[in-house]
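Engineer: just to be clear, the model below is a prediction. Sequence and coordinates:
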Amino acid sequence: MSHTIREYTHNDVEGIKQCLIELQEFERMMDPHRMEGIKIAHEYLEHLLELCKADNGKIFVVEIGGQIVGMISVYIEEDNKHFRKIKRFAYISDLIVMKEYKDQGISKELLEKAEKYATSKHVTSIQASILKGHEEGLSGFLRNGYKEFEIRVRKQLE
């Protein structure tokens, strides 16, 4: 089935929320400290839209037959700490393709769209975070030229 990748519009709100819910529920299997997707989807979408304001980022959606079946959000981040040589970089905060549409090359196309946007903003680096244990997601990034470069650790103090 043919798909279209395009920029988010306000008409996509419900479809984006469904994508965010599916992503959050998947991630909750690896991190039980995450809240239920249904409880955060609206507020998190507002957060993403705020990050994208003033042409600082974009949300791209995948549409099949009028239905949103995937998305990627990318925005430009500024490192004002002066600890790194690269001060501006693009950050992919969310990448999801609904289960029934995986393995069709859609994630690769979404990554290419995000990278094209990042290049248009004159950044030379793009980054993403992924949960440990999300082997499928990690292998997808690695297959598309991304390299592992940082590990985050956590300890519960309760």
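Structural biologist: Alright, I've got the coordinates. Residues are numbered from 1 along each chain as shown.
Engineer: now the least confident helix or strand in the chain by mean pLDDT: buried residues?
Structural biologist: Every helix and strand of the chain was ranked by mean pLDDT, DSSP states H and E. The lowest is helix 135-143, at a mean of 90. By 16 or more other C-beta atoms under 10 Å, the buried positions in helix 135-143 come out as 137-138, 140-141. All C-beta spots, glycine's among them, are computed from the backbone N, C-alpha and C.
Engineer: am I right that E77 is in a helix?
Structural biologist: No - looking at E77 with DSSP: H, G, I helix; E, B strand; the rest coil, it is strand, so not inside a helix.
Engineer: for the closest residue to it other than its chain neighbours, give its distance to D79.
Structural biologist: Leaving aside its chain neighbours, E77 sits nearest to Y91 (4.7 Å; criterion: C-beta to C-beta, 6 or more residues apart in numbering). Distance of Y91 to D79, computed by C-beta to C-beta, to the nearest Å: 10 Å.
Engineer: when those two are compared, which one has more neighbours?
Structural biologist: Shown here are Y91 and D79; by other C-beta atoms under 10 Å, Y91 has more neighbours (19 against 12).
Engineer: looking at this, the more buried one is in a strand?
Structural biologist: Yes - looking at Y91 with three-state DSSP, it is inside a strand.
Engineer: residues touching it, list them.
Structural biologist: Applying C-beta atoms under 8 Å, 6 or more residues apart in numbering, we find Y91 in contact with 74-77, 126-128.
Engineer: could you redo the last one with a cut-off of 6 Å?
Structural biologist: Residues counted as contacts of Y91 (C-beta atoms under 6 Å, 6 or more residues apart in numbering) are 75, 77, 127.
Engineer: now Q24
Structural biologist: G37.
Engineer: now tell me what touches the host helix or strand of A41 from outside.
Structural biologist: Element membership for A41 (DSSP states H and E) is helix 37-52. For helix 37-52, contacts defined as C-beta under 6 Å, 6+ apart pick out 16-17, 20-21, 24-25, 57-58, 73, 75.
Engineer: gap between P32 and H134?
Structural biologist: 15 Å.
Engineer: the two: which has the busier surroundings?
Structural biologist: A count of neighbours by other C-beta under 10 Å puts H134 above the other of P32 and H134, at 16 against 6.
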